[in-house]
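**Q** Show me the folded form of this:
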Amino acid sequence: MRVLGIETSCDETGVAIWDNTAGLLGHRIFSQTEIHATYGGVVPELASRDHIRRVGPLTEQVLADAGLNLADLDGVAATAGPGLLGALLVGLSAGKALAFGTDRPFLGIHHLEAHLLAPRLDPDPPEWPFLALLVSGGHTQLIAVEGLGRYRLLGGTVDDAAGEAFDKTAKLLGLGYPGGPAVARAAEGGNPAAVDLPRPMAGKPNLDFSFSGLKTAVLNQVKAAGDMPGPTATADLCASFQEAVVDTLWRKTARAIKQTGLDRLVVAGGVGANAQLRERFEAEAGALGVALHFPALELCTDNGAMVAYCGAQRLAGGERDGWDRTAVARWPLEALTPPPG
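**A** Below is the predicted model of the structure:
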(Lines give C-alpha, C1' and ligand atoms only; values in the text may rest on other atoms or scores of the structure.)
Protein backbone atom coordinates (compact mmCIF):
# COMPACT_ATOMS: atom_id res chain seq x y z
CA MET A 1 0.00 0.00 0.00
CA ARG A 2 1.61 3.27 -1.21
CA VAL A 3 -0.29 6.32 0.01
CA LEU A 4 -0.01 10.08 -0.43
CA GLY A 5 -0.82 11.93 2.80
CA ILE A 6 -1.84 15.59 3.11
CA GLU A 7 -1.92 17.57 6.36
CA THR A 8 -3.49 21.07 6.61
CA SER A 9 -5.20 21.12 10.01
CA CYS A 10 -3.57 24.32 11.28
CA ASP A 11 -0.50 26.26 10.15
CA GLU A 12 1.73 23.61 8.54
CA THR A 13 1.19 22.28 5.04
CA GLY A 14 2.56 18.74 4.97
CA VAL A 15 2.68 16.24 2.12
CA ALA A 16 4.33 12.82 2.16
CA ILE A 17 4.26 9.36 0.60
CA TRP A 18 4.41 6.22 2.73
CA ASP A 19 4.93 2.72 1.35
CA ASN A 20 4.10 -0.17 3.70
CA THR A 21 7.07 -2.09 2.31
CA ALA A 22 9.67 0.58 1.54
CA GLY A 23 8.78 3.14 4.23
CA LEU A 24 8.82 6.92 3.81
CA LEU A 25 9.48 7.77 0.17
CA GLY A 26 9.03 11.55 0.26
CA HIS A 27 8.25 14.16 2.88
CA ARG A 28 7.85 17.96 2.70
CA ILE A 29 6.56 20.55 5.20
CA PHE A 30 5.95 24.26 4.82
CA SER A 31 5.49 26.15 8.09
CA GLN A 32 3.49 29.37 8.23
CA THR A 33 5.27 30.60 11.38
CA GLU A 34 6.50 33.82 9.78
CA ILE A 35 3.03 34.61 8.43
CA HIS A 36 1.37 34.36 11.85
CA ALA A 37 4.22 35.69 14.01
CA THR A 38 3.09 39.28 13.45
CA TYR A 39 -0.26 38.45 15.07
CA GLY A 40 1.10 36.35 17.93
CA GLY A 41 -0.98 33.33 16.91
CA VAL A 42 -2.63 31.54 14.00
CA VAL A 43 -5.06 33.59 11.91
CA PRO A 44 -7.43 30.97 10.41
CA GLU A 45 -8.20 32.84 7.17
CA LEU A 46 -4.52 33.44 6.44
CA ALA A 47 -3.76 29.80 7.20
CA SER A 48 -6.39 28.57 4.75
CA ARG A 49 -5.21 30.86 1.96
CA ASP A 50 -1.59 29.82 2.35
CA HIS A 51 -2.52 26.11 2.32
CA ILE A 52 -4.19 26.74 -1.06
CA ARG A 53 -0.92 28.20 -2.38
CA ARG A 54 1.29 25.42 -1.01
CA VAL A 55 -0.50 22.08 -1.29
CA GLY A 56 -0.17 21.69 -5.08
CA PRO A 57 3.54 22.56 -5.39
CA LEU A 58 4.42 20.47 -2.32
CA THR A 59 2.62 17.46 -3.81
CA GLU A 60 4.59 17.85 -7.03
CA GLN A 61 7.85 18.12 -5.08
CA VAL A 62 7.15 15.02 -2.99
CA LEU A 63 6.27 12.97 -6.07
CA ALA A 64 9.49 14.14 -7.73
CA ASP A 65 11.53 13.32 -4.60
CA ALA A 66 10.09 9.80 -4.63
CA GLY A 67 10.52 9.38 -8.40
CA LEU A 68 6.80 8.65 -8.74
CA ASN A 69 3.74 10.00 -10.47
CA LEU A 70 0.12 9.94 -9.33
CA ALA A 71 -0.56 6.69 -11.18
CA ASP A 72 1.99 4.93 -8.93
CA LEU A 73 -0.11 5.59 -5.81
CA ASP A 74 -2.51 3.08 -4.26
CA GLY A 75 -4.51 5.67 -2.33
CA VAL A 76 -4.73 9.19 -0.96
CA ALA A 77 -5.33 10.30 2.65
CA ALA A 78 -5.87 13.78 4.10
CA THR A 79 -6.53 15.09 7.59
CA ALA A 80 -10.30 15.51 8.08
CA GLY A 81 -10.22 16.79 11.68
CA PRO A 82 -9.99 18.01 14.31
CA GLY A 83 -8.55 21.40 13.45
CA LEU A 84 -9.35 24.72 11.81
CA LEU A 85 -12.30 24.04 9.53
CA GLY A 86 -11.19 26.22 6.62
CA ALA A 87 -7.65 24.88 6.71
CA LEU A 88 -8.87 21.29 6.87
CA LEU A 89 -11.11 21.79 3.86
CA VAL A 90 -8.14 22.79 1.70
CA GLY A 91 -6.22 19.56 2.24
CA LEU A 92 -9.33 17.41 2.23
CA SER A 93 -10.53 18.89 -1.06
CA ALA A 94 -7.10 18.50 -2.65
CA GLY A 95 -6.85 14.89 -1.48
CA LYS A 96 -10.30 13.97 -2.77
CA ALA A 97 -9.60 15.64 -6.11
CA LEU A 98 -6.34 13.72 -6.57
CA ALA A 99 -7.98 10.43 -5.62
CA PHE A 100 -11.02 11.04 -7.83
CA GLY A 101 -8.89 12.08 -10.78
CA THR A 102 -6.73 8.95 -10.59
CA ASP A 103 -9.50 6.54 -9.57
CA ARG A 104 -7.80 5.73 -6.28
CA PRO A 105 -9.43 5.18 -2.86
CA PHE A 106 -9.56 8.12 -0.46
CA LEU A 107 -9.65 8.34 3.32
CA GLY A 108 -10.08 11.21 5.78
CA ILE A 109 -7.69 10.86 8.73
CA HIS A 110 -8.07 11.80 12.39
CA HIS A 111 -5.30 14.28 13.19
CA LEU A 112 -4.68 12.97 16.72
CA GLU A 113 -4.59 9.34 15.60
CA ALA A 114 -1.93 10.31 13.09
CA HIS A 115 0.14 11.90 15.87
CA LEU A 116 -0.26 8.78 18.03
CA LEU A 117 1.05 6.61 15.20
CA ALA A 118 3.97 8.91 14.24
CA PRO A 119 6.53 6.94 16.35
CA ARG A 120 5.61 3.83 14.35
CA LEU A 121 7.39 5.36 11.35
CA ASP A 122 10.61 4.73 13.27
CA PRO A 123 12.77 1.71 12.31
CA ASP A 124 12.15 0.38 15.85
CA PRO A 125 8.42 1.12 16.28
CA PRO A 126 6.51 0.59 19.53
CA GLU A 127 4.42 -2.56 19.57
CA TRP A 128 0.81 -2.56 20.73
CA PRO A 129 -0.35 -1.97 23.40
CA PHE A 130 1.26 1.19 24.72
CA LEU A 131 0.54 4.25 26.83
CA ALA A 132 0.58 7.55 24.94
CA LEU A 133 1.03 11.10 26.14
CA LEU A 134 -0.31 13.36 23.40
CA VAL A 135 0.93 16.85 24.17
CA SER A 136 0.57 19.77 21.76
CA GLY A 137 -0.79 23.28 21.39
CA GLY A 138 -4.37 22.09 21.40
CA HIS A 139 -4.31 18.81 23.32
CA THR A 140 -2.84 17.22 26.43
CA GLN A 141 -4.12 13.68 26.86
CA LEU A 142 -3.10 10.32 28.30
CA ILE A 143 -4.37 7.46 26.15
CA ALA A 144 -4.17 3.68 26.40
CA VAL A 145 -3.52 2.51 22.84
CA GLU A 146 -4.50 -1.12 22.39
CA GLY A 147 -4.25 -1.21 18.58
CA LEU A 148 -5.18 0.70 15.46
CA GLY A 149 -8.50 2.40 16.18
CA ARG A 150 -8.64 1.08 19.75
CA TYR A 151 -8.08 4.04 22.07
CA ARG A 152 -9.09 4.56 25.69
CA LEU A 153 -8.87 8.11 27.00
CA LEU A 154 -7.43 8.07 30.53
CA GLY A 155 -7.21 11.80 31.16
CA GLY A 156 -7.05 15.17 29.47
CA THR A 157 -6.73 18.86 30.17
CA VAL A 158 -9.64 20.63 31.83
CA ASP A 159 -8.55 24.02 30.45
CA ASP A 160 -5.37 25.04 28.60
CA ALA A 161 -3.24 22.45 26.84
CA ALA A 162 0.49 22.41 27.66
CA GLY A 163 1.45 23.93 24.31
CA GLU A 164 -1.17 26.63 24.74
CA ALA A 165 0.34 27.52 28.12
CA PHE A 166 3.75 27.85 26.46
CA ASP A 167 2.27 30.18 23.82
CA LYS A 168 0.48 32.35 26.40
CA THR A 169 3.55 32.56 28.61
CA ALA A 170 5.70 33.61 25.65
CA LYS A 171 3.16 36.30 24.78
CA LEU A 172 3.10 37.58 28.38
CA LEU A 173 6.88 37.92 28.31
CA GLY A 174 7.09 39.37 24.81
CA LEU A 175 9.13 36.42 23.52
CA GLY A 176 7.36 35.98 20.19
CA TYR A 177 5.60 33.15 18.40
CA PRO A 178 5.57 30.15 18.44
CA GLY A 179 5.76 30.08 22.20
CA GLY A 180 7.25 26.63 22.84
CA PRO A 181 10.62 27.20 21.13
CA ALA A 182 10.68 30.83 22.32
CA VAL A 183 10.28 29.88 25.99
CA ALA A 184 12.81 27.03 25.64
CA ARG A 185 15.39 29.41 24.16
CA ALA A 186 14.76 32.02 26.86
CA ALA A 187 15.10 29.34 29.56
CA GLU A 188 18.66 28.46 28.52
CA GLY A 189 20.96 29.38 31.36
CA GLY A 190 18.05 30.07 33.69
CA ASN A 191 17.58 28.52 37.13
CA PRO A 192 14.56 26.15 37.09
CA ALA A 193 14.28 26.43 40.89
CA ALA A 194 14.39 30.23 40.96
CA VAL A 195 10.62 30.80 40.93
CA ASP A 196 8.20 28.69 42.94
CA LEU A 197 5.45 27.85 40.46
CA PRO A 198 2.51 25.48 41.03
CA ARG A 199 2.05 21.99 39.57
CA PRO A 200 -1.71 22.20 38.93
CA MET A 201 -3.65 19.00 39.73
CA ALA A 202 -0.39 17.05 40.09
CA GLY A 203 -1.43 15.88 43.55
CA LYS A 204 -4.92 14.75 42.53
CA PRO A 205 -5.38 11.00 41.99
CA ASN A 206 -6.97 11.39 38.54
CA LEU A 207 -5.07 11.63 35.23
CA ASP A 208 -6.37 15.03 34.17
CA PHE A 209 -4.26 18.14 33.56
CA SER A 210 -4.69 21.86 34.11
CA PHE A 211 -2.28 24.54 32.90
CA SER A 212 -4.39 27.72 33.13
CA GLY A 213 -3.36 28.32 36.73
CA LEU A 214 0.31 27.95 35.85
CA LYS A 215 -0.03 30.61 33.17
CA THR A 216 -1.77 32.88 35.70
CA ALA A 217 1.09 32.31 38.17
CA VAL A 218 3.52 33.58 35.53
CA LEU A 219 1.31 36.63 34.99
CA ASN A 220 1.33 37.32 38.73
CA GLN A 221 5.13 37.17 38.75
CA VAL A 222 5.26 39.75 35.96
CA LYS A 223 2.77 42.00 37.78
CA ALA A 224 4.71 41.70 41.05
CA ALA A 225 7.87 42.85 39.29
CA GLY A 226 6.07 46.02 38.25
CA ASP A 227 7.67 45.88 34.80
CA MET A 228 8.83 43.37 32.22
CA PRO A 229 11.61 41.29 33.82
CA GLY A 230 15.17 41.71 32.58
CA PRO A 231 17.13 38.97 30.74
CA THR A 232 18.26 37.10 33.86
CA ALA A 233 14.84 37.22 35.54
CA THR A 234 13.18 36.18 32.26
CA ALA A 235 15.54 33.22 31.91
CA ASP A 236 14.81 32.13 35.48
CA LEU A 237 11.05 32.54 35.04
CA CYS A 238 11.04 30.62 31.75
CA ALA A 239 13.22 27.86 33.17
CA SER A 240 10.93 27.57 36.21
CA PHE A 241 7.83 27.53 34.00
CA GLN A 242 9.28 24.87 31.72
CA GLU A 243 10.28 22.78 34.73
CA ALA A 244 6.75 23.05 36.16
CA VAL A 245 5.16 21.89 32.89
CA VAL A 246 7.55 18.97 32.41
CA ASP A 247 7.27 17.93 36.06
CA THR A 248 3.47 17.98 35.90
CA LEU A 249 3.43 15.98 32.67
CA TRP A 250 5.75 13.34 34.09
CA ARG A 251 3.91 12.99 37.43
CA LYS A 252 0.62 12.26 35.66
CA THR A 253 2.32 9.98 33.14
CA ALA A 254 4.03 8.01 35.91
CA ARG A 255 0.66 7.58 37.60
CA ALA A 256 -0.84 6.32 34.33
CA ILE A 257 2.02 3.81 33.93
CA LYS A 258 1.33 2.49 37.41
CA GLN A 259 -2.44 2.31 36.91
CA THR A 260 -2.33 0.61 33.50
CA GLY A 261 0.72 -1.59 33.96
CA LEU A 262 1.85 -0.73 30.43
CA ASP A 263 5.61 -0.89 29.90
CA ARG A 264 5.78 1.03 26.61
CA LEU A 265 5.33 4.80 26.47
CA VAL A 266 4.86 7.01 23.42
CA VAL A 267 5.15 10.81 23.64
CA ALA A 268 3.70 12.52 20.58
CA GLY A 269 2.75 16.05 19.53
CA GLY A 270 4.62 19.31 19.15
CA VAL A 271 5.61 19.70 22.82
CA GLY A 272 7.34 16.32 22.50
CA ALA A 273 10.14 18.17 20.71
CA ASN A 274 11.04 20.04 23.92
CA ALA A 275 14.59 19.04 24.90
CA GLN A 276 14.00 19.22 28.66
CA LEU A 277 10.89 17.06 28.38
CA ARG A 278 12.81 14.45 26.39
CA GLU A 279 15.67 14.42 28.88
CA ARG A 280 13.39 14.09 31.92
CA PHE A 281 11.18 11.41 30.38
CA GLU A 282 14.17 9.37 29.18
CA ALA A 283 15.68 9.37 32.67
CA GLU A 284 12.43 8.60 34.48
CA ALA A 285 11.19 5.97 32.03
CA GLY A 286 14.59 4.29 32.06
CA ALA A 287 14.52 4.11 35.85
CA LEU A 288 11.12 2.37 35.67
CA GLY A 289 12.19 -0.04 32.93
CA VAL A 290 9.63 1.47 30.53
CA ALA A 291 10.46 1.55 26.82
CA LEU A 292 10.12 5.16 25.64
CA HIS A 293 9.34 6.18 22.06
CA PHE A 294 9.38 9.67 20.55
CA PRO A 295 8.75 10.53 16.90
CA ALA A 296 11.69 11.99 15.01
CA LEU A 297 11.94 15.71 15.82
CA GLU A 298 10.63 16.73 12.38
CA LEU A 299 7.59 14.49 12.92
CA CYS A 300 6.59 15.98 16.29
CA THR A 301 4.89 18.96 14.67
CA ASP A 302 2.08 18.54 12.12
CA ASN A 303 3.27 16.70 9.03
CA GLY A 304 2.08 14.68 6.06
CA ALA A 305 4.18 11.62 6.89
CA MET A 306 2.05 10.62 9.87
CA VAL A 307 -1.11 11.13 7.76
CA ALA A 308 0.28 9.00 4.93
CA TYR A 309 1.27 6.25 7.38
CA CYS A 310 -2.10 6.27 9.14
CA GLY A 311 -3.87 6.27 5.79
CA ALA A 312 -1.81 3.34 4.53
CA GLN A 313 -2.69 1.22 7.56
CA ARG A 314 -6.40 1.94 7.36
CA LEU A 315 -6.65 1.67 3.57
CA ALA A 316 -4.78 -1.66 3.74
CA GLY A 317 -7.46 -2.77 6.21
CA GLY A 318 -10.21 -2.06 3.67
CA GLU A 319 -11.42 1.29 4.99
CA ARG A 320 -12.70 3.82 2.42
CA ASP A 321 -14.47 7.20 2.43
CA GLY A 322 -17.02 8.47 -0.06
CA TRP A 323 -16.62 11.68 -2.04
CA ASP A 324 -19.03 13.38 0.36
CA ARG A 325 -16.48 13.11 3.20
CA THR A 326 -16.18 16.51 4.84
CA ALA A 327 -14.02 18.20 7.46
CA VAL A 328 -14.95 18.38 11.15
CA ALA A 329 -13.54 20.89 13.64
CA ARG A 330 -14.17 18.53 16.58
CA TRP A 331 -13.83 14.75 16.49
CA PRO A 332 -13.40 12.65 19.66
CA LEU A 333 -10.51 10.21 19.32
CA GLU A 334 -12.39 7.52 21.20
CA ALA A 335 -15.07 7.57 18.48
CA LEU A 336 -12.65 5.81 16.10
CA THR A 337 -12.88 2.08 15.41
CA PRO A 338 -10.47 -0.40 13.83
CA PRO A 339 -10.58 -0.80 10.01
CA PRO A 340 -12.91 -3.55 8.79
CA GLY A 341 -10.06 -5.81 7.69
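**Q** use CA for all of it now, contacts and neighbours both
**A** OK.
**Q** how about whichever strand or helix holds I143: buried residues?
**A** Following DSSP states H and E, one finds I143 within strand 140-147. In terms of neighbour count (16 or more other C-alpha atoms under 10 Å), strand 140-147 has its buried residues at 140-145.
**Q** Tell me the one among those nearest to A77.
**A** Closest approach to A77 among the buried residues of strand 140-147 (C-alpha to C-alpha): V145, at 21.7 Å.
**Q** quick one: contacts of the strand holding I143?
**A** With C-alpha atoms under 8 Å, 6 or more residues apart in numbering as the test, strand 140-147 has contacts from 128-135, 151-157, 161-162, 207-209, 253, 256, 260, 338.
**Q** ok, the helix or strand immediately after it in the chain: who's next to it in the sheet?
**A** Scanning forward in sequence from strand 140-147 by DSSP H and E, the next helix or strand is strand 150-156. Within its sheet, strand 150-156 is paired with strand 140-147 (antiparallel), according to DSSP bridges.
**Q** The partner strand - what's its average pLDDT?
**A** Averaged across strand 140-147, pLDDT comes to 98.
**Q** so how far is it off the chain centroid?
**A** On the basis of C-alpha atoms, centre = their mean, to the nearest Å, strand 140-147 is displaced by 14 Å from the centre of the chain it belongs to.
**Q** ditto for stretch 170-185
**A** With C-alpha atoms, centre = their mean, you get 18 Å for stretch 170-185.
**Q** Which helix runs longest in this structure?
**A** helix 231-260 (DSSP state H).
**Q** can the buried residues of strand 140-147 go into CSV with extra columns for distance to I109?
**A** Listed next are these as CSV, based on distance: C-alpha to C-alpha, whole Å:
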residue, distance to I109
T140, 19
Q141, 19
L142, 20
I143, 18
A144, 19
V145, 17
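**Q** ok, of those residues, which one's closest to A283?
**A** Of all the buried residues of strand 140-147, L142 has the smallest distance to A283: 19.3 Å, by C-alpha to C-alpha.
**Q** ok, now how distant is the closest one from E279?
**A** 19 Å (C-alpha to C-alpha, to the nearest Å).
**Q** before we move on, the earlier item: after the longest helix of the chain, next one along is what?
**A** Counting by DSSP H and E, what follows helix 231-260 is strand 264-268.
**Q** how far away is the residue nearest the centre of the chain from G5?
**A** The residue lying closest to the centre of the chain (C-alpha atoms, centre = their mean) is G269, at 2.7 Å. Look at G269 and G5: by C-alpha to C-alpha, they are 18 Å apart.
**Q** swap in L89?
**A** When L89 is compared with G5 (using C-alpha to C-alpha), they lie 14 Å apart.
**Q** These two - which one has more neighbours?
**A** The residue with more neighbours, out of L89 and G5, is G5; 32 against 24, by other C-alpha atoms under 10 Å.
**Q** got the contact list for the residue nearest to the centre of the chain?
**A** 115, 134-136, 300-302.
**Q** Where do the strands of the stretch 101-250 of the chain begin and end?
**A** With DSSP state E, counting those that start in this stretch as the criterion, the stretch 101-250 of the chain has strands at 106-110, 130-135, 140-147, 150-156.
**Q** Of those, which is nearest W331?
**A** With C-alpha to C-alpha, the closest approach to W331 among those belongs to strand 106-110: 7.7 Å.
**Q** which one is R325 nearest to, not counting chain neighbours?
**A** G108 (7.2 Å; C-alpha to C-alpha, 6 or more residues apart in numbering).
**Q** Please name the residues that touch that neighbour.
**A** G108 neighbours (C-alpha under 8 Å, 6+ apart): 77-80, 92, 311, 321, 325.
**Q** Determine which two of these are furthest apart.
**A** G311 and R325 (14.6 Å).
**Q** who has more neighbours, these two?
**A** Taking other C-alpha under 10 Å, G311 and R325 do not tie; G311 has more neighbours (32 against 14).
**Q** Please list the outside residues in contact with the helix or strand where that one lies.
**A** Per DSSP H and E: G311 is located in helix 304-316. The contact list for helix 304-316 (C-alpha under 8 Å, 6+ apart) reads 1-7, 13-20, 24, 27-29, 75-79, 105, 107-109, 111, 113-115, 117-118, 121, 299, 338-339, 341.
**Q** Which of the residues you listed fall within helices?
**A** 111, 113-115, 117.
**Q** ok so, going back, which of the contacts of G108 count as buried?
**A** For the contacts of G108, a neighbour count by 16+ other C-alpha under 10 Å gives the buried set as 77-80, 92, 311.
**Q** Output the residues you listed as JSON lines; include the columns pLDDT and distance to K223.
**A** Formatted as JSON lines, the buried ones among the contacts of G108 follow (pLDDT from 0 to 100; distance: C-alpha to C-alpha, whole Å):
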{"residue": "A77", "pLDDT": "99", "distance to K223": "48"}
{"residue": "A78", "pLDDT": "99", "distance to K223": "45"}
{"residue": "T79", "pLDDT": "98", "distance to K223": "42"}
{"residue": "A80", "pLDDT": "98", "distance to K223": "42"}
{"residue": "L92", "pLDDT": "98", "distance to K223": "45"}
{"residue": "G311", "pLDDT": "98", "distance to K223": "48"}
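**Q** Any chance of TSV for those residues, columns distance to A273?
**A** Below are the buried ones among the contacts of G108 laid out as TSV (distance: C-alpha to C-alpha, whole Å):
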residue	distance to A273
A77	25
A78	23
T79	21
A80	24
L92	27
G311	24
